[in-house]
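Peer 1: Structure of the sequence below:
(chains A and B)
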Amino acid sequence: MTVDRRRLGAALAAAGAAAGVVAGVVQASFGSDLGEWTGAKAEPGRLGVLTVVLSLVAAAGAVALRRSHVDAGGRLVAAAALVVPALVGFTTVGRLWFLPGPLLLLGGTLSVDSWRQAAYLVRRAWTRILLASLGGFEMLMAAGAAPTVLVVGFAGGACLVAAAWLGSKRGSGVFVGLVALGTLPFTAVAWTALVPVLLLLVAAALGASVLVGPRRAVSDQ
Amino acid sequence: MTASESTSAPPNAKPEQQGTATAPSRRSVLKVAAVSGATVVVAGTGALSYRVFDTGVLDPGGGRAFDPWHHWRDTGGPLGAVAAAILAANPHNSQPWAFHVTESAVLVYADTSRRTGALDPLGRELHIGLGCAIENLVLAARARGLAPTVTLLPDGTGSDLVAEVALAQAATERSALYDAIGDRHTNRGPYTSETVSADELTDLVDLTGLPGIAVHWVTADDDKATLGRLMVDAAVAITGDRQQSEDSFAWFRSSDDEVQRHRDGLTLDAQGMSPVVLTLAKLLPASSRSAGDNFWVTQTRKVHTKTAAAYGVITATDAHDVTTQLVGGRLLQRVHLTATHQGLALHHMNQITERIDRESLTGQSPEFARRFAALLPDGVQPLSAFRVGHPVRDARPSPRRGISEVTR
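Peer 2: Here you go, the predicted model:
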């Protein structure tokens, strides 16, 4: 029953991700001609590309769900990889997301076997979830930035997510390095926005908290 | 750790999850408090990150709304001249113009749907802005090998057609003023204490082909202080006039979405603030009309009038004559381009004339007309005013609609 449910969730998620890629391509190619259907966005090209990237993240989550040996922590992360893009997508391509969004949300919901266990895992990994959220916020800031800052911000955000994923499992040096790479370059190129400085300080505090906590990666939980 | 292990391990091992009534330890309370605090801080960081994104903090002057500043030299012929015309100074960045372009002429129209209401009830600023656009058009036509002949109001004063610029083939004539078109921005920031000499001010004014107008400079400290007080009083009066205040606020664009969608109006980026103060202003919630009014009055009192090296007033014998307003606009644009070329900053300050026209239309006592006239030579009226000086920091561009949106 659980396996069937999980497979159904993965199938729905895969369909949602595929539809999301199509929605992103349509937004990038014809967004300025479709008006309200694509949310009448000022920069449809950039938002279309962002939607394709989000859909690919969701596709990776769908693929992960189909693998039989994924543990509970891995499934939770895969579910997050479906739900977060599903929610963000509602702001990027207007009505074009009315199909992929619900499919991804449904897929993410079905992929959770036990909500009680999920809540426990979330509680255990909460500090690293906060750290990963900072990575997402960094990418959000970078999404509206000039090209150089955009690249630095997306790379930095990815480093923070990777640090959150690995925890101190690969050694504290790797973890500290990822947090530093995730914050310092972005702060250097975007300090006038002030928030990158705040993000650096918060990430440092969370990183220290992770280091003094149990040595465990999300995938181990 | 396997899936089955992680499934069985956690919840069952916790006594509190089985409903056992155990008093929480001080350590666990502190831990919950720390985690809750961290969550709140991260959520706050997320909210601020969204503001950074929403207000374009990390890409000021970026996006489609600012493309005209980067590509105005790219297009040749009469249409290329229009690309330069749309970068002209104009009231509240309302861009009240439309153009009809042919091989041999550009017709310039007033777009009366873009008037600024009670701020410009008599159309004075509208026509001055159109004059500014005509000057850019003339300079850009010459730089494209087209000799312009300007006929103002070819259909008379009642028509929206304000100028016909006939274009004939000629040698390319590129000037310093033409090169300054893309760098000319209104600088609302502070100016340094460095003075601007009388010779420098004189060099700013070239009246060639612009009859019936002049520039009166206000440079003496006492006169500057008197004019500065008048400007502050006018700003206070405008903010106290609900209709004028609302009509001004209607042109304010608070988010990057609004800027990119409308491609006109006033922005935080163009207010001349320091980078850090500008960021703080963008991170805070969008300001209300009254907050915006207070900010403007404070800036007028503490920055604009306090740091002006000199004031310039374009004068005419009849400031309400439309032809004079168009010619005055051409002179104003010429002065601003020359100042840009010379590294000087310029800030258009029209609150006094806005109050003069408002008082005239509503039948109020002409207080501002009387006070302004006392500062000017006999027999002339003020058409437009501005301050000049050496800038503390560079001005930033204002959003602009593209050629396709302003051509008929």
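Peer 1: Okay, now the unreliable bits of the stretch 1-150 of chain B?
Peer 2: In the predicted model of the stretch 1-150 of chain B, residues B:1-22 satisfy pLDDT under 70.
Peer 1: Break down it into its strands, ranges please.
Peer 2: B:97-101, B:105-110, B:146-152 (DSSP state E, counting those that start in this stretch).
Peer 1: Contacts for the longest one, please.
Peer 2: With Cβ atoms under 8 Å, 6 or more residues apart in numbering or on different chains as the contact definition, strand B:146-152 has outside contacts at B:77-78, B:81, B:134, B:137-138, B:141-142, B:162-170, B:323, B:326-327. Any C-beta I mention is one placed from the backbone N, CA and C, and that applies to glycine too.
Peer 1: State the distance from the closest residue in space to residue A:82 that isn't next to it in sequence to residue A:118.
Peer 2: Among residues not flanking residue A:82 along the chain, residue A:108 sits closest, at 3.7 Å (Cβ to Cβ, 6 or more residues apart in numbering or on different chains). Per Cβ to Cβ, to the nearest Å, residue A:108 is found 11 Å from residue A:118.
Peer 1: anything in contact with each of these two?
Peer 2: residue A:79.
Peer 1: So for the two, which sits in the more crowded spot?
Peer 2: residue A:108 (28 against 17; other Cβ atoms under 10 Å in any protein chain shown).
Peer 1: where does the residue of chain A most remote from its centre fall, phi/psi-wise?
Peer 2: Distance from the C-alpha centroid of chain A peaks at residue A:33, with 29.3 Å (Cα atoms, centre = their mean). The phi and psi values for residue A:33, taken as degrees, to the nearest 10, are phi -100, psi -10.
Peer 1: sorry, back to before: from the contacts of strand B:146-152, list just the buried residues.
Peer 2: Neighbour counting by 16 or more other Cβ atoms under 10 Å in any protein chain shown classes B:78, B:81, B:134, B:137-138, B:141-142, B:162-167, B:323, B:326-327 among the contacts of strand B:146-152 as buried.
Peer 1: In TSV: the strands of the stretch 1-150 of chain B, plus distance to residue B:258.
Peer 2: Formatted as TSV, the strands of the stretch 1-150 of chain B follow (distance: least, Cβ to Cβ, whole Å):
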stretch	distance to residue B:258
strand B:97-101	21
strand B:105-110	25
strand B:146-152	35
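Peer 1: Output those in TSV; the columns should cover distance to residue A:137 and mean neighbour count.
Peer 2: Below are the strands of the stretch 1-150 of chain B laid out as TSV (distance: least, Cβ to Cβ, whole Å; neighbours: other Cβ atoms under 10 Å in any protein chain shown):
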stretch	distance to residue A:137	mean neighbour count
strand B:97-101	42	20
strand B:105-110	47	21
strand B:146-152	52	18
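Peer 1: Indicate which one of these is closest to residue B:276.
Peer 2: strand B:97-101 (35.9 Å; Cβ to Cβ).
Peer 1: relative to strand B:105-110, how tilted is that closest one?
Peer 2: 160 degrees (axes from the mean of the first three to the mean of the last three Cα atoms, to 10 degrees).
Peer 1: related to what we said a few turns ago, which residues sit in contact with the residue nearest to residue A:82?
Peer 2: Counted by Cβ under 8 Å, 6+ apart, residue A:108 has contacts A:9, A:13, A:61, A:79, A:80, A:82, A:83, A:86.
Peer 1: Just the ones of these in helices?
Peer 2: With DSSP state H as the criterion, helices contain A:9, A:13, A:61, A:79, A:80, A:82, A:83, A:86 from among the contacts of residue A:108.
Peer 1: for those residues, which one is nearest chain B?
Peer 2: The closest of the ones in helices among the contacts of residue A:108 to chain B turns out to be residue A:79 (Cβ to the nearest Cβ; 14.0 Å).
Peer 1: The least confident helix or strand in chain A by mean pLDDT and chain B, are they touching?
Peer 2: Ranked by mean pLDDT, DSSP states H and E, the weakest helix or strand in chain A is helix A:115-124, scoring a mean of 86. Yes. Helix A:115-124 is in contact with chain B by Cβ under 8 Å from any Cβ of the partner chain, via A:116, A:117, A:120, A:121, A:124.
Peer 1: Surely the second one touches residue A:71?
Peer 2: No. Taking Cβ atoms under 8 Å as the definition, residue A:117 is not a contact partner of residue A:71, at 10.9 Å.
Peer 1: what's near enough to touch the residue of the stretch 51-200 of chain B found nearest chain A?
Peer 2: As assessed by Cβ to the nearest Cβ, chain A sits closest to residue B:58 within the stretch 51-200 of chain B, at 3.5 Å. Going by Cβ under 8 Å, 6+ apart, residue B:58 touches A:141, A:142, A:144, A:145, A:146, A:149, A:153, A:190, A:193, B:52.
Peer 1: Can you tell me how far the first one is from residue A:157?
Peer 2: So the one you mean is residue A:141. 9 Å.
Peer 1: Tell me which of these two has more neighbours.
Peer 2: More crowded of residue A:141 and residue A:157, by other Cβ under 10 Å: residue A:141, with 29 against 25.
Peer 1: Do I have it right that that one meets residue B:51?
Peer 2: No. Counting by Cβ under 8 Å, residue B:51 is not a contact partner of residue A:141; they are 9.4 Å apart.
Peer 1: mind checking the longest helix of chain B?
Peer 2: helix B:26-54.
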